[in-house]
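Q: compute the structure for the input listed below.
(chains A and B)
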Amino acid sequence: DQQVKQNSPSLSVQEGRISILNCDYTNSMFDYFLWYKKYPAEGPTFLISISSIKDKNEDGRFTVFLNKSAKHLSLHIVPSQPGDSAVYFCAASGRNNDMRFGAGTRLTVKP
Amino acid sequence: DVKVTQSSRYLVKRTGEKVFLECVQDMDHENMFWYRQDPGLGLRLIYFSYDVKMKEKGDIPEGYSVSREKKERFSLILESASTNQTSMYLCASSSYRVGAFFGQGTRLTVV
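A: Prediction:
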């Protein structure tokens, strides 16, 4: 059973609008959360992370929100750009240094 | 420029063969990971290692083993390749609480 879940396989948004990607986790031992972006034929690249002691982390157009009580995190991209079109993976890590991933969400930003 | 290098981009092996996938990182990272990526399933953790000679099972270790004799090198071994091990294999490395760096991936086909 997957410990990290991304229930939306795909998302399509218009350029300039907000993209919101969601992720849920089941293991309460996870205390560090990450988002990765993946283009075809390439390995994933790290985007942004958040520790469980925070509820928000911002980096330019990317903001990650963490709701520990709901075991839910989200990635907001504002404004969305066509170059953001990729597969986004949510990941979670615990104190044993593991790193589990969700199934990914394919984001398409339309010009 | 930081690098995680996987020995092959594409590999074709026969059922029953012993297969070695090699991964080398040049960032002096403690943690190294092996994942397989399959459509709709995201990245599934096979094994990870947090130190030399240390290894931990991930979610799908059956049919695989690993070796980490040196800090920079983490090998994935398919003891007897089967067709259901046809997949994209991704290696990653990270330091504690830092986003991981991924290799380009090895697309393995078992015939």
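Q: up against chain A, what does chain B have?
A: B:4, B:30-31, B:33, B:35, B:40-45, B:48, B:50, B:56, B:58-59, B:90, B:92, B:94, B:96-97, B:99-105 (CB under 8 Å from any CB of the partner chain). To be clear about C-beta, it is placed using only N, CA and C from the backbone, and glycine gets the same treatment.
Q: ok, residue A:33 - contacts?
A: A:23, A:25, A:49-52, A:64, A:66, A:73, A:90-93 (CB atoms under 8 Å, 6 or more residues apart in numbering or on different chains).
Q: residue 60: neighbour count?
A: Unless you meant another one, I'm taking chain A. Using other CB atoms under 10 Å in any protein chain shown, the number of residues around residue A:60 comes to 8.
Q: should've been chain B
A: Applying other CB under 10 Å, we find 14 other residues in the vicinity of residue B:60.
Q: residue B:43 too?
A: Residues near residue B:43, counting by other CB under 10 Å, number 27.
Q: kindly report the same for residue B:32.
A: Around residue B:32 there are 28 residues (other CB under 10 Å).
Q: mind checking how far it is from residue A:51?
A: Remark: distance between residue B:32 and residue A:51 (CB to CB, to the nearest Å) = 22 Å.
Q: so which residues of chain A form strands?
A: Ranges of strands in chain A, per DSSP state E, are A:4-5, A:10-14, A:19-25, A:32-38, A:45-51, A:56-59, A:62-67, A:72-77, A:86-93, A:100-101, A:105-110.
Q: good, we can wrap up now.
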